[in-house]
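Test case, fold it:
(one chain, ligands or ions: 1)
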Amino acid sequence: MKTIDFRTYSSIKIGPKVQVKIINDIQDYSEFTIIGGANNLLVSPTPPKLAMLGKKFDFIKEKDGFLHIGGAMPSGKILSHVKKNDIANFELMQKLPGTLGGMVHMNAGLKQWEIFNHLVAIKTDIGWIKKSDIEHGYRYANIKGIVYEAKFQIQNGFDFELLEMFKKLRDNQPNFPSAGSCFKNPKGNFAGKLLDEAELKGFKVGNMAFSSSHANFLINLGGGTYKEAITLIEEAKNRVFEKFNINLELEIKVLGHTIDFPNVPFPI
Ligand SMILES: Cc1cc2nc3c(=O)[nH]c(=O)nc-3n(C[C@H](O)[C@H](O)[C@H](O)COP(=O)(O)OP(=O)(O)OC[C@H]3O[C@@H](n4cnc5c(N)ncnc54)[C@H](O)[C@@H]3O)c2cc1C
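Numbers count the residues shown, from 1 in each chain. Predicted coordinates:
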């Protein structure tokens with residue numbers, strides 16, 4: 001067990017101080033909710049039982065012509081490895097905070113560049129699962145259980161221009177703590193545009209706000225709380241539904257109660 005204070009550990013700087021189980025072997029841990037780097041999480045004051053992968057899963061190695069990466073490996077370390085070894089297709093990890101497990105679970109990415117593009121298979125407690133057997137899409141992968149390891153194709157030619165492009169594309173992100181994009185883009189639309197048109201850009205509740213530079217970033221102005229974050233999420237879902245008849249879907253994962261949105265009168 002390890003004590004994690006989510007006010008310092010999570011990227012949005014919200015949450016309780018709780019005991020988290022450290023996992024260093026492969027078995028059925030379905031009673032736990034797995035976390036990675038907490039860059040996409042909003043953790044409630046009473047979260048479910050949490051676990052995270054330990055040092056055993058913090059590795060990257062070439063084996064049988066594939067690149068094997070452990071679930072606990074952070075994006076920055078993956079990038080350094082592929083840069084040094086002139087391997088392509090991981091440039092999207094530039095300024096994308098997370099662990100391999102979290103990035104695979106979220107199918108993290110930007111525009112057409114997604115983690116699943118060059119993924120070959122993942123290892124969970126039931127063994128290796130091929131990409132073609134995993135239902136996945138935009139910021140979504142139907143994976144039961146923990147991703148302990150994943151293997152990727154190896155293609156030579158690290159692309160420094162692409163790296164620079166990702167840096168530029170993410171340069172407009174606000175400088176305040178956040179958990180990345182708050183809502184997914186609805187088909188054929190942009191969550192940021194809808195929030196802006198619903199006059200939520202810069203909208204504040206207590207010490208939480210939708211950024212005035214990028215409406216889809218829920219930011220912590222300093223000392224923001226879980227309750228303030230949920231109030232803003234509810235307000236945004238309600239306003240966008242009323243104005244555009246669009247039900248915004250959260251990209252951020254809320255680790256909390258079964259009923260987190262008591263004030264949203266439609267299914268979430
Ligand atoms: C400033 C900023 C910018 C961002 N930009 C982007 C972006 O451009 N594109 C993008 O896609 N995301 C972006 N994000 C969100 C975040 O970087 C990604 O979602 C990332 O994949 C989160 O990884 P994590 O390890 O922190 O996962 P966590 O936040 O800890 O967890 C996210 C989800 O993954 C699950 N999970 C974690 N580890 C495992 C595992 N080993 N096995 C199975 N499931 C697991 C968790 O249960 C949870 O459901 C951004 C976030 C921030 C703060």
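
Within range of the ligand, give me the residues from this structure.
For the chain, the residues in contact with the ligand (CB under 6 Å from any ligand atom) are 11, 33-41, 53, 71, 96-99, 101-103, 105-106, 108-110, 139, 143, 146-147, 173, 178-180, 253. For every residue, glycine as well, the C-beta is placed using N, CA and C.

of those residues, buried ones?
Buried members of the residues of the chain next to the ligand, counted by 16 or more other CB atoms under 10 Å: 11, 33-41, 53, 71, 96-99, 101-103, 105-106, 108-109, 139, 143, 146-147, 173, 178-180, 253.

Can you list which of these are found in strands?
Mapping those onto strands (DSSP state E) picks out 33, 34, 35, 41, 53, 109, 253.

out of the residues you listed, who's nearest residue 206?
residue 41 (19.5 Å; CB to CB).

from what I can see the closest one touches residue 251, true?
No. Counting by CB atoms under 8 Å, residue 41 does not reach residue 251; the two are 11.1 Å apart.

Pull up the gap between the closest residue to residue 56 other than its chain neighbours and the ligand, please.
In this structure, residue 56 finds its nearest non-sequential neighbour in residue 24, 4.3 Å apart by CB to CB, 6 or more residues apart in numbering. Distance check for residue 24 against the ligand: by CB to the nearest ligand atom, to the nearest Å, it reads 13 Å.

neighbours around residue 24, how many?
Look at residue 24: counted by other CB atoms under 10 Å, it has 10 neighbours.

Residue 54 is in contact with that one, correct?
Yes. At 4.2 Å, residue 24 counts as touching residue 54 under the criterion of CB under 8 Å.

the domain parsing of the protein - what is it?
Following automatic domain parsing, one finds the domains of the chain at 2-54, 56-169.

All set, thanks.
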